[in-house]
Every structure is written in structure tokens, then in C-alpha cells.
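Undergrad: Have a look; sequence and predicted model below, questions after that.
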Amino acid sequence: MQLNPVPVLISLVIFSNIGGACTPVGDPPNVIISNDKEVLEAGIDFVTFASHMILGIIPVMFVSYIQLRITFRSMKSLQFSEPYEVAGINNFSCVLMNGNRNPKFLKSINTCFGL
């Protein structure tokens, strides 16, 4: 299919962050809030915390989904413009040409890839 993995990874990261924000252990601020003395005394457990957070999470999930659908609306934008193998070689040569010009680095890369 020659699909570019970047849109899938971007979607995965966005929805993982949204899902993490829903639970008391998914985000560091939520851990701090859920372990607060007053919150514990009020009897707020995992389910209560998540059920209160879901009210704000559902609109965020909806808006994020719409934004991703608009951004990646055509299948053509999800595919590589050139074969995967050629894209990999071009990216590698870009790193060599524009990146590090240190001779030791280039020699180690050549040794690693048998060039």
C-alpha cells in the first residue's frame, strides 16, 4: 500500500494523550490531583475521577477526530509520492549531505551499512 506511517503515528499520539487525560494515572497533573488529601477525603476514586473527566474529553475527542479527518482527508496524502525504498534512500542521503559532515561519523555510517 505504500502508506506513510506519520499520519497514523500522529493520530496515535493525539488520542493517547486525550485518553491519558481522562484517567487519574494518565497524566502527571492528574496523579497530583487524585492524590490530594482533600480529594482522597471526599472519596473520589478512579471511576468517579474518570467519569467527571469524560465530560470534557468527549468534545476534545470529537474535535480532534474532525481535525485529523480534514488534515488527512484524501488517501493520496497518506501515500508516499515515491516508492518506500527510494524515499528511505533519499532521506538517508539528506542526512549525510545536510547533516553531520564529520569524517568519523561518515566513516562509521559507511561501515555500518557496508558502503
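TA: Done, it's in. Residues are numbered from 1 along each chain as shown.

Undergrad: low-scoring pLDDT stretches of the chain, where are they?
TA: For the chain, the stretches with pLDDT under 70 are 1, 77, 80-115.

Undergrad: need the helices for it, in chain order.
TA: Counting by DSSP state H, the segments of the chain that form helices are 5-22, 28-34, 37-41, 46-71, 75-78, 84-98, 103-113.

Undergrad: Tell me how this structure divides into domains.
TA: 1-79, 80-115 (automatic domain parsing).

Undergrad: how about Ser51, what does it touch?
TA: Neighbouring residues of Ser51 by CB atoms under 8 Å, 6 or more residues apart in numbering: there are none. For every residue, glycine as well, the C-beta is placed using N, CA and C.

Undergrad: Distance of it relative to Pro24?
TA: Ser51 is 11 Å from Pro24, where distance means CB to CB, to the nearest Å.

Undergrad: separation between the residue nearest to Phe72 when sequence neighbours are not counted and Ser34?
TA: The spatial neighbour of Phe72 that comes closest, neighbours along the chain excluded (CB to CB, 6 or more residues apart in numbering), is Pro7 at 4.7 Å. Remark: distance between Pro7 and Ser34 (CB to CB) = 33 Å.

Undergrad: Same question for Val25.
TA: Relative to Ser34, and taking CB to CB, Val25 is found at 8 Å.
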